[in-house]
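**Student:** Dropping a prediction and its sequence here:
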Amino acid sequence: MKKIISIFVLLIFIFSCTDLTEELNDTVTDDVARDLADTESLLTTAYQALRAFNTQDRIYVTESHVTDEMAGPTRGGDWDDAGIWRQLHLHNWSSSHPYIANGYTDLLTGIFRSTQVLEFNPSAEQAAEARFLRAFFSFHAVDKFGIVLGREPGENLTEPPSITLKRADGIEFVISELEEILGSLPANVSVGRASKNAAHFLLAKAYLNRAVYKATDPETNAASAGPFSFDVADMNKVIMACDAIMGSNEYSLDTNYFDNFSPTNSDDSSENIFVGLNNRGNNTTNTHSRWHMTLHYNNNPSGWNGFVTLADLYDSFEPGDQRLNTTPAYFAGNTGLNAGFNEGQSYDKNGNPLEDRNGNPLSFTKDFSLTNSGETEGVRVIKYTPDFVNNDQPGNDYVFFRYADVLLMKAEAILRGGMATGGDTALSLVNDIRTIRGASALGSIDITELLAERRRELYWEGWRRNDQIRFGTYLDAAQEKPASTETYLLFPIPPDALSSNPNLKQNPGY
């Protein structure tokens with residue numbers, strides 16, 4: 001019997017829509033669909049699914065907003081939103097939290113679009129790219145929701161997805177996919193396309209976290225808070241993957257840290273390995289949320305006066321560390337802000353002190369109240385530097401994988417028992433980063449200090465939750481947050497997904 005493919009769903013991928021609704025209208029056989037499909041266009045729509053990471057209210061809330069690097073204070077009537085931002089910081093969200101549900105849908109969209117490419121006669125390289133993207137989205141689904149859902153290419157869309165993997169099996173799927181496609185991926189390619197180095201990076205991340213995912217209860221899929229038993233063989237796999245990237249000689253630490261996040265970062269950066277491409281003037285992905293979500297209304301550029309960082313992150317930097325604050329040359333004449341952390345009096349582009357909406361000094365403070373903050377409470381962060389040419393549709397490409405993280409992953413794997421290679425030590429790798437950032441070299445390094453360095457280097461880049469769980473600090477109390485329970489190590493499966501797929505079970509505690 002010929003498979004039936006929904007023409008509605010096919011058109012989703014040809015015309016780059018993002019709605020996963022499987023409302024079946026007219027149907028065509030798979031033979032006709034194959035003739036109609038443009039495989040490269042389908043692959044493009046799979047890459048476009050990466051855009052969901054750009055905005056502040058979807059996948060990103062499951063990565064940074066629930067950690068000790070970010071909070072969303074309520075400011076009078078601003079940012080209350082029925083408590084959905086506070087719930088993230090406090091770890092008391094429910095299964096109906098809309099932004100968590102959005103993130104779940106976005107990851108399944110990416111898996112689904114990537115799988116669709118494989119049905120329409122892709123070349124070996126196209127198939128490898130699609131499988132890389134599927135592994136990328138699957139890794140995030142395993143990490144955040146504890147499952148991998150998927151379909152075989154050509155599967156009947158009227159039925160629930162046939163593939164439902166729990167967390168321990170899900171990470172094995174990711175690893176096997178990446179190892180199988182390495183030989184078919186290009187070595188030298190745009191940072192916006194899958195490459196051997198991108199696959200090596202994701203492999204390193206998968207092996208580094210494998211012990212976390214394997215510790216999940218096989219019956220209930222309940223996540224463990226650790227401590228975890230990191231297999232030396234896995235750590236050696238991390239080191240091997242990192243060495244492959246380092247040995248490619250395609251990357252080096254950037255002397256200007258914020259070049260990695262600038263409006264022209266794919267040209268400026270010597271570190272970025274894999275990014276989501278954005279075109280200046282034709283960027284509908286909400287990338288500008290990266291500075292709008294934190295800046296005050298009276299800053300230039302103006303913001304939404306929302307998210308802040310925690311005081312102990314701000315205090316963990318040495319003076320002179322360019323990651324703390326830097327003023328890029330192109331900020332002159334455009335803004336009085338710094339790249340990095342903004343604390344204290346805020347200025348306009350001419351150096352004049354700014355005021356808040358009540359006429360008081362616009363001076364950002366380290367303290368904030370999660371439930372009742374004023375306009376100026378909380379240190380503001382600019383990680384992606386504003387595009388003053390086109391503020392609302394900026395050119396900043398969204399960074400997924402960066403070379404500094406390669407060095408930090410290798411350092412961690414060595415500390416967890418892996419065999420050091422190439423004359424590197426955990427301390428030398430960390431100090432290479434610290435030195436180029438303008439921080440003093442450390443005299444020694446342990447797991448606790450490595451986590452602190454990862455926080456300083458990778459803040460607001462989307463890895464903090466993943467790091468905190470692996471290091472066992474995610475459930476700890478933090479500024480304005482009490483200690484939380486193991487329920488919140490995983491996010492809930494949205495109710496709509498449960499009702500439409502009998503193969504799914506809710507994660508424990510929800």
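**Tutor:** Nice, thanks for sending it over. Numbering: from 1, shown residues only.
**Student:** contacting residues for the closest residue to residue 508 other than its chain neighbours?
**Tutor:** Taking CB to CB, 6 or more residues apart in numbering, and ignoring the residues beside it in sequence, residue 508 has residue 222 as its nearest neighbour in space, at 4.3 Å. Any C-beta I mention is one placed from the backbone N, CA and C, and that applies to glycine too. Contact partners of residue 222, counting by CB atoms under 8 Å, 6 or more residues apart in numbering, are 216, 486, 490, 507-509.
**Student:** just the helices in the stretch 101-250 of the chain please.
**Tutor:** 124-145, 167-181, 196-214, 232-247 (DSSP state H, counting those that start in this stretch).
**Student:** As TSV, those helices with mean pLDDT would be great.
**Tutor:** Shown next, in TSV, are those (pLDDT from 0 to 100):
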stretch	mean pLDDT
helix 124-145	98
helix 167-181	97
helix 196-214	98
helix 232-247	98
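**Student:** For residue 367, which of these is the nearest?
**Tutor:** Taking CB to CB, helix 124-145 is the member of the helices of the stretch 101-250 of the chain nearest to residue 367, at 30.5 Å.
**Student:** Figure out how far the closest one is from the centre of its chain.
**Tutor:** With CA atoms, centre = their mean, to the nearest Å as the basis, helix 124-145 stands 14 Å off its chain's centre.
**Student:** which secondary structure elements does it contact?
**Tutor:** Other elements packing on helix 124-145 under the criterion 3 or more CB pairs under 8 Å, 6 or more residues apart in numbering; DSSP states H and E are helix 39-48, helix 98-117, strand 147-150, helix 167-181, helix 196-214.
**Student:** Present the helices of the stretch 101-250 of the chain as TSV; the columns should include distance to residue 321.
**Tutor:** Converted to TSV, those look like this (distance: least, CB to CB, whole Å):
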stretch	distance to residue 321
helix 124-145	29
helix 167-181	34
helix 196-214	25
helix 232-247	24
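**Student:** Quick check: nearest residue in space to residue 68, chain neighbours excluded?
**Tutor:** Taking CB to CB, 6+ apart, and ignoring the residues beside it in sequence, residue 68 has residue 478 as its nearest neighbour in space, at 4.1 Å.
**Student:** Let me know the distance separating the one you found from residue 97.
**Tutor:** 19 Å (CB to CB, to the nearest Å).
**Student:** what do you get for residue 425?
**Tutor:** When CB to CB is applied, the distance between residue 425 and residue 97 equals 43 Å.
**Student:** neighbour-wise, which of those two wins?
**Tutor:** Neighbours around residue 425 and residue 97, counted as other CB atoms under 10 Å, are more numerous at residue 97. The numbers are 19 against 14.
**Student:** Would you mind measuring from that one to residue 490?
**Tutor:** 13 Å.
**Student:** do the same with residue 246
**Tutor:** 33 Å.
**Student:** Now do the SS call for the residue nearest to residue 339 when sequence neighbours are not counted.
**Tutor:** The spatially closest residue to residue 339, leaving aside those adjacent along the chain, is residue 258, at 4.4 Å (CB to CB, 6+ apart). Using DSSP: H, G, I helix; E, B strand; the rest coil, the three-state assignment for residue 258 comes out as helix.
**Student:** pLDDT score for residue 258?
**Tutor:** In this prediction, residue 258 carries a pLDDT score of 98.
**Student:** residues near residue 434, how many?
**Tutor:** The number of residues near residue 434, taken as other CB under 10 Å, comes to 19.
**Student:** Surely it and residue 449 touch.
**Tutor:** No - with contacts defined as CB atoms under 8 Å, residue 434 does not count as touching residue 449, sitting 10.8 Å away.
**Student:** okay, and the common contacts of the two?
**Tutor:** Going by CB under 8 Å, 6+ apart, residues that sit against residue 434 and also against residue 449 are residue 442.
**Student:** Please, where are all the helices along the stretch 301-450 of the chain?
**Tutor:** 311-315, 403-415, 426-437, 447-458.
**Student:** what about those helices, which gets the closest to residue 152?
**Tutor:** Residue 152 sits nearest to helix 403-415 of all the helices of the stretch 301-450 of the chain, at 32.4 Å, using CB to CB.
**Student:** That closest one packs against which elements?
**Tutor:** Taking 3+ CB pairs under 8 Å, 6+ apart as contact, the helices and strands that helix 403-415 lies on are helix 196-214, helix 232-247, strand 272-276, helix 426-437, helix 447-458.
**Student:** Run through who's touching the last one.
**Tutor:** Right, helix 447-458. Counting contacts by CB under 8 Å, 6+ apart, the residues touching helix 447-458 from outside are 68-69, 313, 316-317, 321, 323, 402, 404-405, 408, 411-412, 415-416, 426, 430, 433-434, 437, 439, 442, 445, 463-464, 467-468, 471, 473.
**Student:** number of nearby residues for the residue nearest to residue 339?
**Tutor:** One way to gauge burial is a neighbour count; for residue 258, by other CB under 10 Å, it gives 24.
**Student:** ok, now how distant is it from residue 82?
**Tutor:** The spacing between residue 258 and residue 82, counted by CB to CB, is 35 Å.
**Student:** circling back to that earlier point, quick one, which of the helices and strands packed on helix 403-415 is nearest to residue 93?
**Tutor:** Smallest distance to residue 93 across the helices and strands packed on helix 403-415 (CB to CB): 20.7 Å, for helix 196-214.
**Student:** Any stretches of the stretch 401-510 of the chain with poor pLDDT?
**Tutor:** Segments of the stretch 401-510 of the chain classed as low confidence (criterion: pLDDT under 70) are not present in this model.
**Student:** ok, residue 278 touching residue 285?
**Tutor:** Yes - assessed by CB under 8 Å, residue 278 is found in contact with residue 285 at 6.0 Å.
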